[in-house]
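Asks: okay, sequence plus prediction incoming.
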Amino acid sequence: MVMRRAGIIQLLDGRHPRNGRSVTFALNGLILLSAIAIAVETMPDLPDRAQDFLGWFEITVLLVFALEYLTRVICSPRPLRYIFSFWGLIDLLAILPLLALLQPQWTAVRILRLLRLIRLLKLFHTSLALDRMSRAFRAVRGELTVFGALAAMMLYVSAVGIYVFEHPVQPEAFTSIPMSLWWAVASLTTVGYGDLVPITLGGRLFTTLMLFIGLGIVAGPAAIITTALLEADKFGVESPPGSNTKNMSNKEIKK
């Protein structure tokens, strides 16, 4: 029986009832093997046979995903809509290194080599977890916007404050407020590279205060996103919002 176009798209998206999971597993496995091959290529003193094998493997991967892309374009009910969609552009970028096969002199172009990493994003194309995450972010985008604005304000206030305290004694380090922004980012994210360090008492007390406030600003969005993910997972497993299942009594459920 010839599979219809919609069935082929379901197969590639992993939603086909029979072979969807197998196809998804095979494509994702090919992507992971490709990522390993990219890393192995950089090893020094790699034998010529290994280099040849990796080269042919890269060609095979490119041809497989080029065939997938063409299949999606042909079988899509709206080809142009797919081509210019986010995942359509990702699929296209993932096969652009094929240009290096058509024009050997382009092999040295770094951007073409880096584009091979784009295919790692294809791992999320059929991910249900990514769908839940996107729903969670949409649900709390207002709260995240508020915390983002607070974080930007804190970075600016921290940069101005540390500049006021440290510039008089360390003019070569804290040269300006824009330079102090780097210290604020490194400190509030608790990275602390140590290239800019306050040495005055006022600067250290100010840094301590900013670090405690910064931890709260970071912890807030983390808790909000975690709660939203749990809610999205709950709705995804049980029933969507507005479903009548929630309104059923325990007796009705038992029946």
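Replies: Noted; the coordinates are in hand.

Asks: which residues touch the residue nearest the centre of the chain?
Replies: For the chain, residue 121 is the residue whose C-alpha lies nearest the centre (CA atoms, centre = their mean; 7.3 Å). Contacts for residue 121 (CB atoms under 8 Å, 6 or more residues apart in numbering) come out as 90, 94. In this view, the C-beta of every residue, glycine as well, is placed from N, C-alpha and C.

Asks: check what pLDDT it gets.
Replies: pLDDT for residue 121: 75.

Asks: tell me the spacing between it and residue 65.
Replies: Using CB to CB, to the nearest Å, residue 121 is found at 12 Å from residue 65.

Asks: which residues do those two both contact?
Replies: residue 94.

Asks: please, where are all the strands along the stretch 51-200 of the chain?
Replies: Counting by DSSP state E, counting those that start in this stretch, one finds no strands in the stretch 51-200 of the chain.

Asks: report pLDDT for residue 35.
Replies: 86.

Asks: report the separation between it and residue 98.
Replies: Applying CB to CB, the value for residue 35 to residue 98 is 18 Å.

Asks: ok, residue 62 - how many residues close by?
Replies: 20 (other CB atoms under 10 Å).

Asks: okay, now the closest residue to it other than its chain neighbours: neighbour count?
Replies: Nearest residue to residue 62, sequence neighbours excluded (CB to CB, 6 or more residues apart in numbering): residue 98, at 5.2 Å. Counted with other CB under 10 Å, the neighbours of residue 98 add up to 14.

Asks: try residue 209
Replies: Neighbours around residue 209, by other CB under 10 Å: 12.

Asks: again with residue 30
Replies: 18.

Asks: do the same with residue 91
Replies: 24.

Asks: same check on residue 56?
Replies: Neighbours of residue 56 (other CB under 10 Å): 10.

Asks: distance of it from residue 37?
Replies: Distance from residue 56 to residue 37, by CB to CB: 11 Å.

Asks: tell me where the stretch 1-150 of the chain has helices.
Replies: 5-13, 20-40, 48-75, 79-83, 86-95, 99-102, 110-114, 128-139, 141-166 (DSSP state H, counting those that start in this stretch).
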